[in-house]
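Student: Provided below for reference: sequence and predicted model.
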Amino acid sequence: MQQADFRSWREDGREIKCRAVVQDALPLSNATLHCSNCIHSSRNVFTVDIPDGTVGVVYKLDVRDEGQPPISWSTALAVAAVASSGGTAAPALLGTAATALTKQGNNAPPTVSTKCHWFITADPAAAQQFLATKGTITNGNACLRAAVNTPQETRPITLPPGTRQLFVCVNNDNYTTDATATLSVTALVQTCK
């Protein structure tokens, strides 16, 4: 059974019609995370510019040890899956994009699980604190998502209205092994007229 989308009207009686499209907010990006005991930084903050009208994003993050098979994926198939779904409800479209991205990858799973922790926040001060400390964000309310030892994840997130940037803060907790973080963020942008 399908449920109709919420409908609303203008004061003059015309129905407000909304349309959703997906677009890359951050194309596939990589960062080297040095080991936690190395001289170089074990942390990286990916800055994601959020398009106007974005109601949510789908991110795909992969953190793997140096020497593991490389990973890549295409966000184009997630865009196509949403376009062909015919749906208009934002949560359902975010789910469709997440499902399509989950299936993406070059089928080269890592043989070891990378020790890491990461946060997603819209707060630039929290991202700065992450970089200035050993990868800590003390204000848990500033985080839209936080994870420990979850090196692969694809998930939708509904964004608070007016969100202009996201910061994906990733820390390699391996004592002596470097790692690579790979990330893409796809935005669901809704326009109404």
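Tutor: It's in. Numbering: from 1, shown residues only.

Student: how close does C169 get to A122?
Tutor: Remark: distance between C169 and A122 (Cβ to Cβ, to the nearest Å) = 12 Å. Where you see a C-beta, it was placed from the backbone N, CA and C, and this is true even at glycine.

Student: Between the two, tell me which one has more neighbours.
Tutor: A direct count of neighbours by other Cβ atoms under 10 Å for C169 and A122 places C169 higher, at 24 against 19.

Student: looking at the protein, which helix or strand is least sure?
Tutor: Here the helix or strand of the chain ranked lowest by mean pLDDT, DSSP states H and E is helix 76-85, holding a mean of 57.

Student: So in this protein, which strand runs the longest?
Tutor: In the chain, taking DSSP state E as the definition, the longest strand is strand 18-33.

Student: For whichever helix or strand comes after it, name the packing helices and strands.
Tutor: With elements assigned by DSSP states H and E, the helix or strand that comes after strand 18-33 is strand 43-49. Secondary-structure packing of strand 43-49 (3 or more Cβ pairs under 8 Å, 6 or more residues apart in numbering; DSSP states H and E): strand 18-33, helix 124-132, strand 165-172, strand 179-192.

Student: Adjacent strands (with direction) for strand 43-49?
Tutor: Strand 43-49 pairs in its sheet with strand 165-172 (antiparallel), by DSSP bridges.

Student: just the angle between the partner strand and strand 179-192, please?
Tutor: 160 degrees (axes from the mean of the first three to the mean of the last three Cα atoms, to 10 degrees).

Student: what mean pLDDT would you report for strand 165-172?
Tutor: Strand 165-172 shows a mean pLDDT of 96.

Student: swap in stretch 49-64?
Tutor: Stretch 49-64 comes out with an average pLDDT of 92.

Student: Buried residues, it. List them.
Tutor: Across stretch 49-64, burial judged by 16 or more other Cβ atoms under 10 Å covers I50, T54, V55, G56, V57, V58, Y59, K60, L61, D62, V63, R64.

Student: Apart from its neighbours in sequence, what residue is nearest the residue nearest the centre of the chain?
Tutor: For the chain, the residue nearest the mean C-alpha position is Y59 (2.4 Å; Cα atoms, centre = their mean). Among residues not flanking Y59 along the chain, V185 sits closest, at 4.8 Å (Cβ to Cβ, 6 or more residues apart in numbering).
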